[in-house]
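Engineer: Provided below for reference: sequence and predicted model.
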Amino acid sequence: MSSTRPRSDQASSQGLGVAEARAAILRALRPVDGHECVALRAALGRVLAEDVVAPLDVPAHDNSAMDGYALRAADLAADADTALTVVGRAFAGHPFAGRVEAGQAVRIMTGAPLPQGADTVVMQEDVRPTPSQGDAVLIPPGQRAGQNVRRAGEDLPTGGIALPAGKRCGPAELGLIASLGLDEVLVYRRPRVAFFSTGDEIASLGEALGPGQVYDSNRYTLYGLLAQLGCEVDDLGVLPDQPEALQRALAGASATADVILTSGGVSTGEADFVRETLAGLGEVDFWKLAIKPGRPLAFGRIGRAWLFGLPGNPVATMVAFCQFVRDALLTLAGVSPLPEPVLFTAHCATPIRKQPGRHEFQRGRLGWEDGRRVVHPAAAQGSGILRSMSEADCFILLPEAQGSVAAGEAVLVQPFAGLL
């Protein structure tokens, strides 16, 4: 775990920075052990464990890129119309069986194999019929040899790498693999994640609320986030503030899971037993982060499992997951390289009050006004107001050194699309 501990000079007086914490986590991780061969449709969302190599040329033959006429470029006059005799038709799946000879053309449709002898396709909109011959067409000057032809192997030659190991399969990847005639691929196994909430103040759904209790939302938020990433999940429920119960749960989970996620109990509060229990079971770092919402974050190992101790407030839990846990899970799943975060600027519709010192992740909603992109900060930014996440569609990123933001000022935003 020494490699996960940032140097003390990397932390500000407010706590460890976002970039330093993220880098320390990712340095420690490697993809999970274990691969499996799955049917192509089951590969959606999975990560390739080996390169997908093209067993054939794509496309498999020279073909037309559009509807038109296939012909020999050598027959075309440089500065006048050229009359050619149409000797047949070629369709995708039904090629022209003959050969294009001098003075001939073949009517061809998009995707149809290029007939023997032809080397050029002229789009149908440029071709005119001859006034006197029904089986002839006029080709205007200005055509280029080889135009509108897709060559065999142009997309992928035989033996070329169609998709690299580490690529996560989406719909386009499934289609590309199918175009190679492959019906199964080798993928990394899914990371196994055990998660639970802690605290006597947390009640499970279906239970009556006791004095001072609230219903558990974090487990359902985390379940959704984990399911979207394709993890195998094990919901351990709500654990009470009892060291023995926590020890049993952590020891059991560490024997089977790749990752353990906890929410709540990692601060230094008098009743926060999770911190003490984690420290006794494994090698865990406890960080005070220079972020808002959220501040405490635990990271380390218990047995064979990586441990992330997230803050307990609902919004802080989601922020910590998105900024630190998500890329960690993608790394464990085998994704390489990690996708770059989608960030862009927008003009803040209203002022934001902020003190320098912490990296804030405010919630906002994007829109367009007067021809420019704007972001409206959520009215309520408290770390316990989960509604702000539901109503928002982006984070407004305010770095540590940033002070208050004036209305109309440009700010950096991170959209939820592709993140949540």
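Structural biologist: Sure thing, it's come through. Residues are numbered from 1 along each chain as shown.

Engineer: What helix or strand is L246 located in?
Structural biologist: Using DSSP states H and E, L246 maps to helix 243-256.

Engineer: Can you give me the buried ones in that helix?
Structural biologist: Of the residues in helix 243-256, those with enough neighbours to count as buried (16 or more other Cβ atoms under 10 Å) are 246, 249-250, 253-254. For glycine as for every other residue, the C-beta is placed from the backbone atoms N, C-alpha and C.

Engineer: and those residues as JSON lines, adding distance to V214?
Structural biologist: Converted to JSON lines, the buried residues of helix 243-256 look like this (distance: Cβ to Cβ, whole Å):
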{"residue": "L246", "distance to V214": "20"}
{"residue": "A249", "distance to V214": "21"}
{"residue": "L250", "distance to V214": "23"}
{"residue": "A253", "distance to V214": "24"}
{"residue": "S254", "distance to V214": "28"}
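
Engineer: Give the other helices and strands that the helix holding L246 contacts.
Structural biologist: Of the remaining helices and strands, those touching helix 243-256 by 3 or more Cβ pairs under 8 Å, 6 or more residues apart in numbering; DSSP states H and E are strand 192-198, strand 232-239, strand 259-263, helix 273-281, strand 296-302, strand 305-310.

Engineer: Tell me which of those is the most buried.
Structural biologist: With neighbours taken as mean count of other Cβ atoms under 10 Å, the helices and strands packed on helix 243-256 reach their highest mean count in strand 259-263, at a mean of 27.

Engineer: Next up, phi/psi of P171, please.
Structural biologist: Comment: the main-chain dihedrals of P171 come out as phi -60, psi -40, following degrees, to the nearest 10.

Engineer: okay, the closest residue to it other than its chain neighbours: pLDDT?
Structural biologist: Counting by Cβ to Cβ, 6 or more residues apart in numbering, P171 lies nearest to L44, which is 7.4 Å off, once chain neighbours are set aside. Per-residue confidence for L44 comes out at a pLDDT of 97.

Engineer: from what I can see L44 touches G170, true?
Structural biologist: Yes. Contact between L44 and G170 holds when scored by Cβ atoms under 8 Å: they sit 7.2 Å apart.

Engineer: Let me know the distance separating I25 from T277.
Structural biologist: I25 sits 21 Å away from T277, taking Cβ to Cβ, to the nearest Å as the criterion.

Engineer: With L412 instead?
Structural biologist: Distance check for L412 against T277: by Cβ to Cβ, it reads 38 Å.

Engineer: so what's A77 closest to, chain neighbours aside?
Structural biologist: Across the structure, with Cβ to Cβ, 6+ apart as the measure, the residue nearest A77 apart from its sequence neighbours is P141 (6.2 Å).

Engineer: where are the low-confidence patches of the stretch 151-300 of the chain?
Structural biologist: Scanning the stretch 151-300 of the chain for pLDDT under 70 picks out 267-273.

Engineer: ok, the spatially closest residue to A65 that is not a sequence neighbour - contacts?
Structural biologist: Nearest-residue entry for A65: N148, 4.7 Å, with adjacent residues in sequence omitted and distances by Cβ to Cβ, 6+ apart. Applying Cβ atoms under 8 Å, 6 or more residues apart in numbering, one finds that N148 lies in contact with 64-66, 68, 120-123.

Engineer: cool, and V274?
Structural biologist: V274 sits next to 198, 246, 262, 264-266, 298, 309 when contact means Cβ under 8 Å, 6+ apart.

Engineer: biggest separation within those residues, which pair?
Structural biologist: Every pair in the contacts of V274 was compared (Cβ to Cβ); the two farthest apart turn out to be L246 and A298, at 12.7 Å.

Engineer: Show me how this protein divides into domains.
Structural biologist: Taking automatic domain parsing as the domain assignment, the record places the domains of the chain at 2-33+190-332, 36-58+163-188, 63-150, 344-415.

Engineer: possible to save the ones you listed as JSON lines with distance to L156?
Structural biologist: Putting the domains of the chain into JSON lines (distance: least, Cβ to Cβ, whole Å) gives the following:
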{"stretch": "domain 2-33+190-332", "distance to L156": "26"}
{"stretch": "domain 36-58+163-188", "distance to L156": "4"}
{"stretch": "domain 63-150", "distance to L156": "12"}
{"stretch": "domain 344-415", "distance to L156": "32"}
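
Engineer: Need the winner for burial among the ones you listed.
Structural biologist: The densest packing among the domains of the chain, expressed as mean neighbour count by mean count of other Cβ under 10 Å, is seen in domain 2-33+190-332 with a mean of 19.
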